[in-house]
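Visitor: Structure here, sequence nowhere to be found:
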């Protein structure tokens, strides 16, 4: 499906709140897409970090998905009057996948860089490094960053999306199966070929799904430890797997497996592990609901309805 499907076709689909009315008309290196939903102080810091990037031509898109008016006003003050940044309001939470799709469709930079709104570029040349890394080889479709904790600079273990045995190579570079959404870059041509993120995922595992779709089209994913993102989490923080989060985690991972050819039989061990972990976290009902919805969504996909 072409990325043009995500372009707003009616004025009411989004509102430009502050900054430039659109991306530059000529070619430029990168779009930086930052999603916003309250957390105004952290989001403001993320925006400022992106605006301070040097050695690269870029446009910053801040995509608000339903922040309270006072928080939206605070973000507008950061972007107001700038020709290199745009704050838009979608007025509704489309999830990580949907929000990134809509933000990416607003620009046309050769590289698309995603930055979480609780993260910052570690140095003023991080964005330039990412663009260089994407363009270093013609078949690189996406690049994942090294994610470290903001407070200490230690590797953020909650954001390590690779085999644990590779943690010793966190400062190095290697081919990977996915990237971590907190900080990453995607070649726009690869993005267009894949058609963006699968919005059925809403939240969780959308990066893995995108990378599998890109790999099927001949694109590589590369991890680059020299491109660092500072993430505002405790070095010892463990994700609190409970409630709605467990639902998305289980449902989406099983759906992605089925989407890319795994049989339900091959997914049974994964299901068993998820049920045991959910029991430990007192979230068994959410895990069961996630499994049931994965079955429904996979059936809709087979019928061509997803």
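Guide: Looks like it came in fine. This is a predicted model, so every value here is computed, not measured.
Visitor: Show me how this protein divides into domains.
Guide: As given by automatic domain parsing, the domain ranges for the chain are 3-231, 243-302.
Visitor: Check which residues of the longest helix seen in the chain are buried.
Guide: Secondary structure of the chain read by DSSP state H shows that its longest helix is helix 284-302. If you call a residue buried by 16 or more other Cβ atoms under 10 Å, then helix 284-302 has these buried ones: 284, 286, 287, 288, 289, 290, 291, 293, 294, 297, 298. Every C-beta, even on glycine, is put in place using the N, C-alpha and C of the backbone.
Visitor: State the distance from residue 167 to residue 156.
Guide: Distance, residue 167 to residue 156, using Cβ to Cβ, to the nearest Å: 11 Å.
Visitor: Compare neighbour counts for the two and give me the winner.
Guide: Between residue 167 and residue 156, counted using other Cβ atoms under 10 Å, residue 156 has the larger neighbour count: 25 against 11.
Visitor: wait, what's in contact with that one?
Guide: Counting by Cβ atoms under 8 Å, 6 or more residues apart in numbering, residue 156 touches 147, 148, 149, 182, 231, 233, 235.
Visitor: quick one, what contacts the fifth one?
Guide: To tie it back to what came earlier, the one meant is residue 231. Counted by Cβ under 8 Å, 6+ apart, residue 231 has contacts 116, 118, 119, 147, 148, 149, 150, 156, 159, 182, 183.
Visitor: Help me confirm that the fourth one is found in a strand?
Guide: Yes. Secondary structure assignment places residue 147 in a strand (DSSP: H, G, I helix; E, B strand; the rest coil).
Visitor: Tell me how many other residues crowd the nearest residue to it once chain neighbours are set aside.
Guide: Nearest residue to residue 147, sequence neighbours excluded (Cβ to Cβ, 6 or more residues apart in numbering): residue 159, at 4.0 Å. Residues lying near residue 159 (other Cβ under 10 Å) number 22.
Visitor: now swap in residue 105 and tell me
Guide: 19.
Visitor: where does it fall, phi/psi-wise?
Guide: phi -70, psi -20 (degrees, to the nearest 10).
Visitor: In the stretch 151-300 of the chain, where is pLDDT below threshold?
Guide: Across the stretch 151-300 of the chain, residues meeting the criterion (pLDDT under 70) sit at 234-243.
Visitor: Strands along that one, start to end?
Guide: For the stretch 151-300 of the chain, the strands defined by DSSP state E, counting those that start in this stretch occupy 173-176, 183-187, 220-231.
Visitor: Show me what the second one is packed against.
Guide: Spelled out, that is strand 183-187. Secondary-structure packing of strand 183-187 (3 or more Cβ pairs under 8 Å, 6 or more residues apart in numbering; DSSP states H and E): strand 111-115, helix 126-135, strand 140-149, strand 220-231.
Visitor: Buried deepest among these, which one?
Guide: strand 111-115 (a mean of 27; mean count of other Cβ atoms under 10 Å).
Visitor: Run through who's touching that one.
Guide: Applying Cβ under 8 Å, 6+ apart, the contact partners of strand 111-115 are 29-34, 46, 49-50, 58, 100, 104, 121, 127, 130-131, 134-135, 181-188, 191, 229.
Visitor: I'd like to know how far residue 62 sits from residue 40.
Guide: Computed with Cβ to Cβ, the distance linking residue 62 and residue 40 is 11 Å.
Visitor: These two: which has the busier surroundings?
Guide: Between residue 62 and residue 40, counted using other Cβ under 10 Å, residue 62 has the larger neighbour count: 29 against 19.
Visitor: A strand includes that one, no?
Guide: Yes. Assessed by three-state DSSP, residue 62 belongs to a strand.
Visitor: ok so, going back, who wins for proximity to residue 108 among the strands of the stretch 151-300 of the chain?
Guide: Taking Cβ to Cβ, strand 183-187 is the member of the strands of the stretch 151-300 of the chain nearest to residue 108, at 12.8 Å.
Visitor: Adjacent strands (with direction) for the closest one?
Guide: strand 111-115 (antiparallel), strand 140-149 (antiparallel) (DSSP bridges).
Visitor: tell me the angle that strand makes with helix 126-135.
Guide: For strand 183-187 and helix 126-135, the angle between their directions (axes from the mean of the first three to the mean of the last three Cα atoms, to 10 degrees) works out to 40 degrees.
Visitor: tilt between strand 183-187 and strand 220-231?
Guide: 150 degrees.
Visitor: For strand 183-187, buried residues please.
Guide: 183, 184, 185, 186, 187.
Visitor: Then stretch 269-282?
Guide: Across stretch 269-282, burial judged by 16+ other Cβ under 10 Å covers 271, 274, 277, 278, 281.
Visitor: Just to check, the second one is in contact with residue 288?
Guide: No. The pair residue 274 and residue 288 fails to qualify as a contact (Cβ atoms under 8 Å) at a distance of 9.6 Å.
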